[in-house]
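> Sequence plus the predicted model coming up.
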Amino acid sequence: MDFGNFTERARGALQAAQMEALAGRHHNLIPEHLLKALIDDGDGLARRIVRDAGGDPDLLKAAAEERLDRLPKATGEGPHPIYMSPELATVLQAASEAARAGGDRFVTAERLLESLAAQGPLRGLFTRAGADPAALTEAVASMRKGRTADAASAEQGWEALAKYARDLTEEARQGKLDPVIGRDDEIRRTIQVLARRTKNNPVLIGEPGVGKTAIVEGLAQRLAAGDVPEGLKDRRVLALDLTLVLAGAKFRGEFEERLKAVLAEVQAAQGRIILFIDEVHTLIGAGRTDGAIDASNMLKPALARGELRCVGATTPDEYRRYIEKDAALARRFQPVTIDEPSIEDAVSILRGLKSRYEVHHGVRITDAAIVAAVRLGSRYIGDRRLPDKAIDLIDEAASRVRIAIDSKPEALDAVSRKVVQLKIEREALRAEPDKASQDRLQQLETELTAAEAEEASSEETWRASQSRRTEGRRLKEELDQARTQLERAQREGDWSRAGELTYSTIPDLEHRLAEAEARASTEREEVSARDVAAVVTRWTGIPVERMLEAERQRLRDMEAKLAERVVGQTEAVRAVSKAVRRARAGLKDPARPTGSFLFLGPTGVGKTELAKALAQFLFDDENAITRLDMSEYMEKHTVSRMIGSPPGYVGYDDGGSLAERIRRRPYQVVLLDEVEKAHPDVLNVLLQALDDGRLTDGQGRTADFRHAILIMTSNLGSEALLGLGEHEPVGHVRGEVMEEVRRAFRPEFLNRLDDVLIFGRLGRDEMARIVEIQLLRVNQRLAERGLTLVADDAARERLAELGWDPAFGARPLKRAVQSLVEDPIAERLLDREGDPLAPALLSLSVIDGRLALDGVIVEDDRPQGFKAPERTPIGFALAGSSAALH
């Protein structure tokens, strides 16, 4: 028989039948082999046709397999010949004749199924499976809708919507879609566009995560409920998946055939189908090959004639980049802008979704957790949109709690480990014959018996608790299903069923659920705001969980906390603390950074140290700071290093040093060191960040500075400040310093700063406090080696005296501690390496006016009050930071 006039799917079914015969070691290829192959074809339509005819495809397959099992099997090893049975040849001949009679040029798999059902040997199987041959023929005709098989791939275009699209309206009827809360204006606007006579194709434009797809699902729910204008009733929303249309299209023209089949079905529905295309910009270029047209050009004629009613969804960037460039396509769509919901609307949306997530995870979600998810997400996750990021926070927090509940309790795990340890010890003692070991063995047996009893009791309690939780979760699922059935019954007007659900089923389930929750374990089974904060911390690295704890008190004590590291700069610490408190209270300008300051003062007085202390206080991480040395930005072209190179230049894809870091971590301190050395054009770039809280990089991406603190340092006015007496206030020279600042910076730059803070020189009293801080840090490092350094008052005074230099601030003290304390201690540790009797206490004292470590003088014989060497750029660039360093 010539199989050239069989479609690809029909030939595939025959090949699968042959492989089935080979696997079963059957000599003959019979109709049962073909029937099983047709039913097993997941991409074929045989299963659906049998179901549409009222039959059970699984029952039909089982009956065919039963007959195949009774066939004789070939003996011997290796392959064996297979012959087509006369019965199968008759089936194939009948299918060919039926195809010709129906106007088909090719024999399809459906014709094979019809012929199998019409033949005597298998007719009884179909009848017993509930698929009458006449009903089967009607189901095939209904599926084909008058179409003929004119190509070998004709079947790919049949039921194209069933293959490549989801019926959102049917899913809404079955309660599979999440409820859509709010968004009434957007849904109403979409309905208005759909009800127009022309240009009735809305395209929803909004940032990722604002709820564009949810609006279409809300439209589907309204269509399912009949809550739409008369002109849209009995319509269906089908979501087209372009990836499915493209997948597996290997040959030229195959994609076009599939899309053409989709359009043909939509047009045949005569306006009853509304096609939803998510990421509608992917139509541009989809399926395009050399000499072929893409999907968008195939849709244009149908859109222009009004034969295709389409709803699209895309982002503003993609709309501008792809659709607006194609004016012929853009004019066929009506844009509908979807904005991010407000915090209040996002909270309402999450409250509406709460029950779905409670049922899925089996935990209770508190209202405080919902509010925290929205507020913390809005505050700390700047690169995503509400409500998507808040929903994800709730979902992950609930998952986290669920996993913790399902895990073995810590107490049970500890006693289980104890039992294992005691058993190992018992086995080791059994081999020891001495009396002490035997006595210990008896004692151990007693302990083991008690531990095993405790383990069994704890495990029984835990298992019972898990069983109660499972029961509660099952009841929640049943209650959710009952409520979905109630909505469907009310929608369909089945008031008898609705009354039964309202007054019997649902109250009974609610009562049983309340009893199950009352019997449940006392362990926490709810998602709290703390759980949401922990997820935010995991996502962003910001210690939100810790920041929630007594934050009010921490902010009140902020000055004292910062003063532990930054000495003698009360005015600067107070100004920075006030800015942070304004931001935390929500009173700062929402469009500007948390704070922007210019720190002025001599070197080594604490300007950089205050920035580090601020990062440690706010973000629990001293390294949450971006530091740029502005002496590297003295040339005009270095602007590109900060915001990225323009298109076409080297480094365009890398992003800028400042913009990229803020984009990745918006909550941090930005330190611009020696800002007076930067080129004026570099400072002009900063104006946007200081005023609007944002900076656009070379690729058009926006870095959000609203949650950052910008600190710029400068040595301008240092000469005037160094001329002050030790206890003379900086106010005496403020005018002189500010005059020099105004000469160096433009007014528009200074006017955008929150404050210009002047750091005064450090006096001897401040140096004594810095000595305390430095010695504390030395002791923290020594504690790791089990050592302690004790310095008497004379040694502290001597260190302060040696390290004090008004011109260099605290940096000479850092060097003095390093050379007179750390270096001698390092030598001492190396000398006594491995000595177990070495004392754990080190003493620092003064002998004959010089510093001594454990009675050994470590200070060189040089005059008191030695000055630091002249500062050189290289030497001081390598100097470390101290408690009050620049």
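Sure, I can see it.
> Show me where the stretch 601-750 of the chain dips below the pLDDT cut-off.
Within the stretch 601-750 of the chain, the ranges that satisfy pLDDT under 70 run 644-656, 723-731.
> Next up, phi/psi of Arg236, please.
Main-chain torsions, Arg236, degrees, to the nearest 10: phi -120, psi 140.
> Secondary structure element for the closest residue to it other than its chain neighbours, which one?
Excluding its sequence neighbours, the residue lying closest to Arg236 (Cβ to Cβ, 6 or more residues apart in numbering) is Thr169, at 4.4 Å. Placement of C-beta: from N, CA and C, glycine included. Thr169 belongs to helix 168-173 when elements are defined using DSSP states H and E.
> Against which helices or strands is whichever helix or strand comes after that helix packed?
As assigned by DSSP H and E, the chain's next helix or strand after helix 168-173 is helix 184-194. Judged by 3 or more Cβ pairs under 8 Å, 6 or more residues apart in numbering; DSSP states H and E, helix 184-194 is in contact with strand 202-205, helix 212-225, strand 309-314, strand 334-337.
> Can you lay out those as a markdown table showing mean pLDDT and distance to Thr366?
Shown next, in a markdown table, are those (pLDDT from 0 to 100; distance: least, Cβ to Cβ, whole Å):
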| stretch | mean pLDDT | distance to Thr366 |
| --- | --- | --- |
| strand 202-205 | 92 | 33 |
| helix 212-225 | 89 | 24 |
| strand 309-314 | 90 | 33 |
| strand 334-337 | 90 | 34 |
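> Show me the one of the ones you listed that comes nearest Glu20.
helix 212-225 (41.4 Å; Cβ to Cβ).
> that older thread, quick one: the residue nearest to Arg236 and Val535, what's the gap?
35 Å (Cβ to Cβ, to the nearest Å).
> Ala791: what's it in contact with?
By Cβ atoms under 8 Å, 6 or more residues apart in numbering, the contact list for Ala791 reads 775, 799, 843-845.
> which of those has the most neighbours?
The most crowded member of these, judged by other Cβ atoms under 10 Å, is Leu799 (27 neighbours).
> how about that residue, secondary structure?
Under DSSP: H, G, I helix; E, B strand; the rest coil, Leu799 falls in the helix class.
> and the nearest residue to it once chain neighbours are set aside, how far is that from Leu802?
Computed as Cβ to Cβ, 6+ apart, the closest residue to Leu799 that is not its neighbour in sequence is Val771, at 5.0 Å. As for Val771, its distance to Leu802 is 10 Å (criterion: Cβ to Cβ).
> Surely the residue nearest to Arg236 is in contact with Leu223?
Yes - look at Thr169 against Leu223 with Cβ atoms under 8 Å: they come within range, at 5.1 Å.
> Return every residue with contacts to both of those two.
What both Thr169 and Leu223 touch, as defined by Cβ under 8 Å, 6+ apart, is the set 235-237.
> can you confirm Gly382 is in a helix?
No - counting by three-state DSSP, Gly382 falls outside a helix, being coil.
> number of nearby residues for it?
19.
> got the contact list for it?
666, 704, 706-707.
> From these, keep the buried residues only.
666, 704, 706-707 (16 or more other Cβ atoms under 10 Å).
> picking that back up, just the buried members of the shared contacts of Thr169 and Leu223?
Applying 16+ other Cβ under 10 Å to those flags 235-237 as buried.
> phi, psi of Arg694?
phi -150, psi 160.
> And the one 3 residues further on, by the same measure?
Recorded main-chain torsions at Asp697 are phi -90, psi -180, according to degrees, to the nearest 10.
> thinking it is in contact with Ser640, fair?
No - counting by Cβ under 8 Å, Asp697 stays clear of Ser640, with 9.9 Å between them.
> Which parts of the stretch 401-550 of the chain are strands?
For the stretch 401-550 of the chain, the strands defined by DSSP state E, counting those that start in this stretch occupy 526-527.
> Below-threshold pLDDT in it: ranges please.
Residue ranges of the stretch 401-550 of the chain with pLDDT under 70: 409-410, 468-469, 516-524, 543-550.
> before we move on, the earlier item: so what's the residue nearest to Arg236 up against?
Contacts of Thr169 by Cβ under 8 Å, 6+ apart are 220, 223-224, 235-238.
> Same check on Ala795?
844-846, 851.
> Most widely separated two among these?
Leu844 and Val846 (8.6 Å).
> Surely Gln275 forms part of a strand?
That one is not Gln; residue 275 is Leu. Yes - assignment of Leu275 by three-state DSSP places it within a strand.
> so where do the helices sit in the stretch 201-350 of the chain?
For the stretch 201-350 of the chain, helices defined by DSSP state H, counting those that start in this stretch occupy the ranges 212-225, 242-246, 254-268, 295-305, 316-318, 327-330, 343-361.
> now for the fourth one, which elements pack on it?
This points to helix 295-305. Secondary-structure packing of helix 295-305 (3+ Cβ pairs under 8 Å, 6+ apart): helix 254-268, helix 327-330.
> In JSON lines, list the ones you listed along with distance to Glu77, mean neighbour count and mean pLDDT.
Formatted as JSON lines, the helices and strands packed on helix 295-305 follow (distance: least, Cβ to Cβ, whole Å; neighbours: other Cβ atoms under 10 Å; pLDDT from 0 to 100):
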{"stretch": "helix 254-268", "distance to Glu77": "42", "mean neighbour count": "20", "mean pLDDT": "79"}
{"stretch": "helix 327-330", "distance to Glu77": "64", "mean neighbour count": "14", "mean pLDDT": "84"}
